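Colleague: Build the 3D model from these lines:
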Amino acid sequence: MKMKTIGKVFVWLIAIVVALEVIGLAVSYFSKRIPKNTVLVMRLEGSISEEAPQDTLSELAFGQRTTIADIVEALDRARTDARITGLVVRVGQPLMGLAKMQEVRRKIREFNRSGKFSVAYLEFATNRSYYLASACQTVMLMPRSVLYVRGLMTSTTFYRGALDKFGVYPDLYHIGEYKNALNVYTEKKYSPPHREADLALLQDFQSQFVRGLGESRGMKPEEMEQTIARGPFTSEEALAAKLVDRLGYADESRKLVEEKNKGSDSRLSLHEYLRRTERKGRSKLAVIYATGTILPGHSSESPLGGPVMGSETIAEQFRSVREDESVKAVVLRIDSPGGAAFASEVIRREVEKTRSEKPVVVSMSDVAASGGYWIAMGADKVLAEPGTITGSIGVVAGKFNLMGLYEKLGLSKDHLETTANSTMDWPFQNFSPAQRASLLRLMNETYKDFVQGVAEGRKMEPAAVEKVAQGRVWTGEQARERGLVDGLGGFNAAIDAAKQLAKIPKQEQVTLIYLPKPKPLLDRILDLMESASLVGGRASPGRWLQNLESLARTPAWTLLPAVPEVQ
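Modeller: Alright, predicted model coming up:
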C-alpha cells in the first residue's frame, strides 16, 4: 500500500513537472509571438551610445538604454520581417554626433526601400532631430511649434582667462601645426590654424547635412541650402517650405499610422522586438567596442563623466578572440578621442597580432581621432562614416603650474630633489629649459612613431602621411580622399567587409559576439558600493588637493584631438 502511494506521488510529481514545462514553453512561445501588421516603434532621444553603459544608477533609474547596435539590428531584422509593416520614429532631443545620425538615417532609408512605410513625429525639432526624422517617408510636426533648423555652427570655450584669474599657468606643448587640443587652455581665441581646421570641418559637416536633407526631401542641395538659411520656421512655415509633410498632434499621428497599417494598431517597441526575435548563423564574428578616453588598466566610467577605454581590457578581448577558433573575424568599433600614447600602443599591438591570425576591420563611429586613430591604423580595413571625426596625427603634452593658485589660497609648497629632472611633472613650477628640451624630444619621437605607423598601416610614404598629419582633424569623407580610411560605411558595412575577408558567403547569417560583455547588475551594484565607501573614506581637503595635483599633470606623449562642438 505504501509503495502504491509513493508511486502515485511520483507520477503526480512527474505530471506537475511536465505541465510546468509545457506552460513555460507556451508562455515563452506566446510572449515571443508577433502579430501580423505590427508597427515597430523607435524613440530617439537623449544619449544614444555605442555600447550599453555600465552606469548602475542610470540603469536602475531609467532602465535599459538604447544603443546604436540595437537600432541597426532592429531595423535590419524588421526590414525583412513580413510581420512588420511599418516604422514609427518618435524623435525628441537626441545626443549623438553626425556619424551616428548618418548610420541611423541609412538604416531607416534601407527600411523604406523594402516597401514598408515610415512615419516620424516631432513635437519640436532642432538640426539634429530634424536630420534624423527626415529619413522617414512621412514627417509630421506638431502645430503651433517650431522647426528650429537654421544651419550648423560650432563654438569653443577657451579657459585661459579663467586660469589667469586662478593663478594657474598652462605649460603645455604640441607637435603638429594643427594639434589644437590644448589651445583651449593656452589661448583666449582661435589661432589661425585652429580656425582653419574647425572651419573646414564645419563646412564639410554643413555640406553633408544639406545633402542628406535634400536627398530625403527631394530637393537639390543648393535649394535645400537656401531653404534652411531662412530658418527657423513655425510649423506652418515648415509645411509651406515642404520640410514636413503634415501638421498634427500625437493622437493624429497615431491615427495616420493606423490608416497606413490597414486599420491595425499593433505596435512593438524596439527593445521588445529585439527580445522576441533573434538572428543566428553558423559563423561567429567578434565585435570589440573601443569607446572613451584611452588609458592604461581596465575599462570603467570616468569619475568626471564618460567612458574610459582601458588598454588592458581591450587587450584581453583581443587575446580571447585569437584563442577562440570559432570566431572568424573581428570588428573593432571605435568611438574615442584618444588618450595616452603608450596605452594606445598596447591596443595597436593586439590588433596587429590578431590580424596575423584572422581579419580585423575597424568601424569608426562619431570620433576615432588621435589615439583613436592610432589603434585603427594597423587593421586590415578601416571604414568611417562621412561625418566621423578622425585623423589628428599629432602629440600634446605638458602640465599646469598650480603655484599661483596655492598662493591665492594661502598654501605653500616646498620640495627636495635628487636630479634636475626630478621635478619634471611637478605641477608647481614651469619646465626648465633642459626639461622642456627633454619633453619635446619625447614628443617628437612619439610623433615620428605615429607617422611611421600610419605609413606602414596605410601603405603610404611617410612624406605623404606628413602632409595629412600635423595634428589636423578630418571628417570621414575628407579622410577617405586622403587615404587615411579605406571607405565610407557604417557598422553593417564593416560586418560585410569582415565576412568577405574571412571568406564567409555574403548571404550567410553570422552570430555577433559583443565584447567586452557587460557585468551583471549585481556585480555593478557591489562595485558601486565599494567605490562609494572608498570615496567617502578619502573625502578630505588633502585628498581633494592631491586629486587636483594629479589632474594638473598631463603625461608626455598624450594623443588627443581638438574636437569642435557642432550645433
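Colleague: low pLDDT regions in the chain?
Modeller: Per-residue confidence for the chain (pLDDT under 70) gives these ranges: 1-31, 52-64, 302-305, 518-551, 553-567.
Colleague: How is it partitioned into domains?
Modeller: Each domain of the chain is listed here as a residue range: 38-150+231-276, 283-413+423-531+540-562, per automatic domain parsing.
Colleague: right, so of those, which gets closest to Leu172?
Modeller: The minimum distance between Leu172 and the domains of the chain falls on domain 283-413+423-531+540-562, with 3.4 Å, by CB to CB. All C-beta atoms are positioned from the backbone trio N, CA, C, and that covers glycine.
Colleague: quick one: which of the domains of the chain is nearest Tyr178?
Modeller: Each of the domains of the chain was scored for nearness to Tyr178 using CB to CB, and the closest is domain 283-413+423-531+540-562 (4.1 Å).
Colleague: quick one: strands adjacent to the longest strand seen in the chain?
Modeller: Using DSSP state E, we find that the single longest strand of the chain is strand 84-95. As defined by DSSP bridges, the strand partners of strand 84-95 come to strand 38-47 (parallel), strand 117-122 (parallel).
Colleague: need these in JSON lines with distance to Arg105, can you?
Modeller: Listed next are the strands paired with strand 84-95 as JSON lines, based on distance: least, CB to CB, whole Å:
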{"stretch": "strand 38-47", "distance to Arg105": "11"}
{"stretch": "strand 117-122", "distance to Arg105": "11"}
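Colleague: among these, which is nearest Arg348?
Modeller: In terms of CB to CB, the element of the strands paired with strand 84-95 nearest to Arg348 is strand 38-47, at 28.3 Å.
Colleague: so how far is that closest one from its chain's centroid?
Modeller: For strand 38-47, the gap between its own C-alpha mean and the chain's C-alpha mean amounts to 18 Å (CA atoms, centre = their mean, to the nearest Å).
Colleague: got the buried residues for it?
Modeller: Residues of strand 38-47 classed as buried under the neighbour-count rule (16 or more other CB atoms under 10 Å) are 38-42, 44.
Colleague: Can I take it that Glu103 is in a helix?
Modeller: Yes. Assignment of Glu103 by DSSP: H, G, I helix; E, B strand; the rest coil places it within a helix.
Colleague: Near it, how many other residues are there?
Modeller: Counted by other CB atoms under 10 Å, the residues lying close to Glu103 total 25.
Colleague: can you pull the contacts of it?
Modeller: Each residue near Glu103 by CB atoms under 8 Å, 6 or more residues apart in numbering is listed here: 68, 72, 365, 385, 490-491.
Colleague: Which of those residues sits closest to Arg322?
Modeller: Taking CB to CB as the measure, Arg322 sits nearest to Phe491 out of the contacts of Glu103, at 22.1 Å.
Colleague: gap between the closest one and Thr67?
Modeller: 11 Å (CB to CB, to the nearest Å).
Colleague: So for the two, which residue has more residues nearby?
Modeller: Neighbour count, other CB under 10 Å: between Phe491 and Thr67, Phe491 has more, with 25 against 17.
Colleague: right, and that one touches Ala69 too?
Modeller: Yes. Using CB atoms under 8 Å as the test, Phe491 is close enough to Ala69 to be in contact (6.9 Å).
Colleague: Mind exporting the C-alpha coordinates of the longest strand of the chain to CSV?
Modeller: Taking only C-alpha atoms (Å, rounded to 0.1, in the frame of the first residue of the first chain), the coordinates of strand 84-95 have been written out as CSV:
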residue,chain,number,x,y,z
ILE,A,84,6.5,44.2,-39.5
THR,A,85,4.6,46.5,-41.9
GLY,A,86,5.8,49.9,-40.8
LEU,A,87,8.0,52.1,-38.6
VAL,A,88,7.2,54.9,-36.3
VAL,A,89,10.0,57.2,-35.1
ARG,A,90,9.4,59.5,-32.2
VAL,A,91,12.2,62.0,-32.2
GLY,A,92,13.0,64.0,-29.1
GLN,A,93,16.3,65.7,-28.5
PRO,A,94,18.9,63.0,-29.3
LEU,A,95,22.5,63.4,-28.2
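Colleague: just how off-centre is that strand within its chain?
Modeller: Averaging C-alpha coordinates over strand 84-95 and over its chain gives two centres that are 20 Å apart (CA atoms, centre = their mean).
Colleague: again with stretch 469-481
Modeller: Averaging C-alpha coordinates over stretch 469-481 and over its chain gives two centres that are 18 Å apart (CA atoms, centre = their mean).
Colleague: so can I have a markdown table of the buried residues of strand 38-47 showing distance to Tyr130?
Modeller: As requested, the buried residues of strand 38-47 are exported to a markdown table (distance: CB to CB, whole Å):
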| residue | distance to Tyr130 |
| --- | --- |
| Thr38 | 27 |
| Val39 | 22 |
| Leu40 | 21 |
| Val41 | 19 |
| Met42 | 16 |
| Leu44 | 12 |
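Colleague: one step back: can I get the domains of the chain in JSON lines with distance to Gln206?
Modeller: What follows is those, written out as JSON lines (distance: least, CB to CB, whole Å):
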{"stretch": "domain 38-150+231-276", "distance to Gln206": "10"}
{"stretch": "domain 283-413+423-531+540-562", "distance to Gln206": "11"}
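Colleague: Of those, which is nearest Tyr173?
Modeller: If you check each of the domains of the chain against Tyr173 by CB to CB, domain 283-413+423-531+540-562 wins as the nearest, at 5.2 Å.
Colleague: And the next helix or strand past the helix or strand harbouring Thr446?
Modeller: With secondary structure defined by DSSP states H and E, Thr446 is part of helix 433-458. Towards the C-terminus, the helix or strand next in line after helix 433-458, according to DSSP H and E, is helix 462-468.
Colleague: any idea which helix or strand comes after that next one?
Modeller: Per DSSP H and E, the first helix or strand lying C-terminal to helix 462-468 is strand 473-475.
Colleague: Can you pull out the residues in contact with the helix or strand just after that following strand?
Modeller: Remark: after strand 473-475, the chain's next helix or strand is helix 476-481, criterion DSSP H and E. The set of residues that contact helix 476-481 without belonging to it, under CB under 8 Å, 6+ apart, is 99, 200, 204, 208, 364, 384-391, 485-488.
Colleague: Only the buried residues of helix 476-481, if you could.
Modeller: Judged by neighbour count (16+ other CB under 10 Å), helix 476-481 contains these buried residues: 476-480.
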